[in-house]
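> Quick one: sequence plus predicted model below, questions after.
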Amino acid sequence: MESAARHHRVLIVGGGAAGITTAHLLRRQRPQLEVAILEPSADHDYQPGWTLVGGSVMRLEQTRRSEASLIPQGVTWIQAAATGFDPEHNAVTNSEGETLHYDVLVLATGLQCRWEQIEGLTDALGSHGVCSNYSRQFAPYTWQSIQAFQGGNAVFTMPATPVKCGGAPQKVMYMADDVFRSKSGVGVNSRVIFCTPLRTLFAVGAYARILQQVVRRRDIEVRFGWELQAVRGEEQVAVFKVSEADGSERTGELPFSMLHAVPPMSAPDVVASSPLAGDGPGGWAAADRLTTQHPRWANVFSLGDVAGLPTSKTAGAVRGEAPVTAANVLSFLEGRPLTAHYDGYTVCPLITGYNNVVMAEFDYSQQPISSFLIDPTRERWSMWLMKTRMLPWLYWNRMLKGLPHEGRYLRPFRPLVHLLRLDYREPSAAQLSAEGEAGSC
């Protein structure tokens, strides 16, 4: 006979941003609800901070706290990893050999970086100027590589798969370019190259246009249709599959002095190989785009990076997904219709250089929206302060604690933002003229 301790009213698999936030929301709304979190890691990382670590704006230790300090009071923490899902029998197996049963399963495992899919990358990381902000271990080496750069090609890549924060592969590039330009008086001759298998700089056209202006202003070379395939670290050569506009393919090579590589990403293998995965590539968990409910198993919900939702994978998306998921979990448990709907809201603070950020907010409509009642397609110093000072505080002190979700992502802080805007300096006519009109890169 099964022990009562092995059955949970709500089982959340994953103790990252999505899992912790949802657990807090559930307990705040139903303090007596029995909730368990299955999470193996003893530490919790603020992963958006790794870009700032790579740019020497934040210290690595500021991006990590103990998992135990974040688990909501009254929630059971099972410190183990999920090893299998059996939704037909409402069961999850874990790395301790246990079988956990549930009334409702919330899938929030995050994603996995597939470093091994780029030949030679794993061995090259951390040496020969090969770095990546997508790894806690190697984010500090990004800053070392930027500092050590003495000229030549600085290559920044983007994979063909969905990634955590689609703008992050570019953010570090703009900060690095600022540093390289500051060295120009001492003989550093840099050539900054952004290689992407995509045909645009960003999924939302309005934000793609401002990024086109940024790369033109900076004289950054953008190579569309270029997908990183291999790294020969000691030779400092990056190998790409090049997809031409006419549909043909070829191999291209680029020598580099610095390479910031972003690996392909997918759902964790345990999810991708399970019945919970959707039909598309990547193994992302199937989820209704409005309710986050699984299309086949009504007592399964997915959110965060693992969910196959048609929106960007960011902490800002979790901020929108978690209240909807929590509300619908409670509705399901109480036999009510699922009336909470997620509109696809997400936010990606696009760092376009030190002291400048485009706060890219949008939803399923793929149109710019703003929590600040300002034009969100502009580079702003106030948004730099929001990204570097306020968002980390919001993450640890509001979002993870499941505090009330007031409208859009940052509306509780509008008064502060309006004060910050008083110090924003609009670009001069000469600067605007130098940017030129948006066009192809």
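The structure has been received and is ready for your questions. Numbers count the residues shown, from 1 in each chain.

> Got phi/psi on Tyr207?
With angles defined as degrees, to the nearest 10, Tyr207 sits at phi -80, psi -30.

> show me what contacts it?
350, 358, 360, 362, 368, 377 (C-beta atoms under 8 Å, 6 or more residues apart in numbering). The C-beta positions use only the backbone N, C-alpha and C, and glycine is treated the same way.

> Repeat the analysis, applying 6 Å as the threshold.
Ala360 (C-beta atoms under 6 Å, 6 or more residues apart in numbering).

> quick one, helices of the stretch 201-350 of the chain?
205-218, 269-272, 315-333 (DSSP state H, counting those that start in this stretch).

> would you list those in a markdown table and tack on distance to His294 and mean pLDDT?
A markdown table is the format used below for the helices of the stretch 201-350 of the chain (distance: least, C-beta to C-beta, whole Å; pLDDT from 0 to 100):
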| stretch | distance to His294 | mean pLDDT |
| --- | --- | --- |
| helix 205-218 | 31 | 97 |
| helix 269-272 | 12 | 98 |
| helix 315-333 | 11 | 97 |
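
> which of the ones you listed is buried the deepest?
Among those, helix 315-333 has the highest mean neighbour count (mean count of other C-beta atoms under 10 Å), at a mean of 24.

> C-alpha coordinates for it, PDB please?
Taking Å, rounded to 0.1, in the frame of the first residue of the first chain, the C-alpha atoms of helix 315-333 are listed here in PDB:
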ATOM      1  CA  ALA A 315      11.500  35.300 -16.700                       C
ATOM      2  CA  GLY A 316       9.100  37.900 -17.900                       C
ATOM      3  CA  ALA A 317       7.000  35.200 -19.600                       C
ATOM      4  CA  VAL A 318       7.000  33.300 -16.300                       C
ATOM      5  CA  ARG A 319       5.700  36.400 -14.600                       C
ATOM      6  CA  GLY A 320       2.700  36.200 -16.900                       C
ATOM      7  CA  GLU A 321       2.300  32.400 -17.000                       C
ATOM      8  CA  ALA A 322       2.500  31.600 -13.300                       C
ATOM      9  CA  PRO A 323      -0.600  33.500 -12.100                       C
ATOM     10  CA  VAL A 324      -2.700  31.900 -15.000                       C
ATOM     11  CA  THR A 325      -1.300  28.400 -14.200                       C
ATOM     12  CA  ALA A 326      -1.900  28.800 -10.500                       C
ATOM     13  CA  ALA A 327      -5.500  30.000 -11.000                       C
ATOM     14  CA  ASN A 328      -6.300  27.200 -13.500                       C
ATOM     15  CA  VAL A 329      -4.800  24.500 -11.200                       C
ATOM     16  CA  LEU A 330      -7.100  25.700  -8.400                       C
ATOM     17  CA  SER A 331     -10.000  25.800 -10.800                       C
ATOM     18  CA  PHE A 332      -9.300  22.200 -11.900                       C
ATOM     19  CA  LEU A 333      -9.000  21.000  -8.300                       C
END
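
> give me the low-pLDDT residue ranges for this structure?
1-5, 184-187, 404-441 (pLDDT under 70).

> just to revisit the earlier point, with respect to Gly120, which of the helices of the stretch 201-350 of the chain lies nearest?
Minimum separation from Gly120 across the helices of the stretch 201-350 of the chain (C-beta to C-beta) falls at helix 269-272, 22.0 Å.

> Can you add distance to Tyr395 and give the helices of the stretch 201-350 of the chain back as a markdown table?
A markdown table is the format used below for these (distance: least, C-beta to C-beta, whole Å):
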| stretch | distance to Tyr395 |
| --- | --- |
| helix 205-218 | 22 |
| helix 269-272 | 24 |
| helix 315-333 | 6 |
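
> Phe138 is nearest to which of these?
Ranking those by proximity to Phe138 (C-beta to C-beta) places helix 315-333 first, at 20.6 Å.

> how near is the residue lying closest to Gly225 once chain neighbours are set aside to Ile220?
Of all residues not flanking Gly225 in the chain, Ser243 sits nearest, at 4.1 Å (C-beta to C-beta, 6 or more residues apart in numbering). Going from Ser243 to Ile220 by C-beta to C-beta, to the nearest Å gives 20 Å.

> Of these two, give the one with the bigger neighbour count.
More neighbours surround Ile220 than the other of Ser243 and Ile220, with 20 against 17 (other C-beta atoms under 10 Å).

> which residues does the more buried one contact?
192, 194.

> Recalculate using a threshold of 7 Å.
Each residue near Ile220 by C-beta atoms under 7 Å, 6 or more residues apart in numbering is listed here: 177, 192, 194.

> Now for the second one, how many residues are close by?
When neighbours are counted by other C-beta under 10 Å, Val192 registers 21.

> what packs against the helix or strand hosting it?
Per DSSP states H and E: Val192 is located in strand 190-196. Applying 3 or more C-beta pairs under 7 Å, 6 or more residues apart in numbering; DSSP states H and E, one finds that strand 190-196 makes contact with strand 152-157, helix 168-182, strand 221-224, strand 226-232.

> May I see these arranged in TSV, with mean neighbour count and distance to Ala81 as well?
Below are the helices and strands packed on strand 190-196 laid out as TSV (neighbours: other C-beta atoms under 10 Å; distance: least, C-beta to C-beta, whole Å):
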stretch	mean neighbour count	distance to Ala81
strand 152-157	23	30
helix 168-182	21	26
strand 221-224	17	38
strand 226-232	21	29
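
> Run through the helices of the stretch 51-200 of the chain in chain order.
121-124, 139-148, 168-182.

> how close does the residue nearest to Val130 when sequence neighbours are not counted sit to Gly167?
Spatial nearest neighbour of Val130, excluding adjacent residues (C-beta to C-beta, 6+ apart): Ala124 at 4.2 Å. In this view, Ala124 and Gly167 are 24 Å apart by C-beta to C-beta.

> same thing with Ala82?
From Ala82 to Gly167 the distance is 30 Å (C-beta to C-beta).

> Check Arg28 too.
31 Å.

> for Val13, same thing?
Here the criterion is C-beta to C-beta. By it, Val13 lies 28 Å from Gly167.
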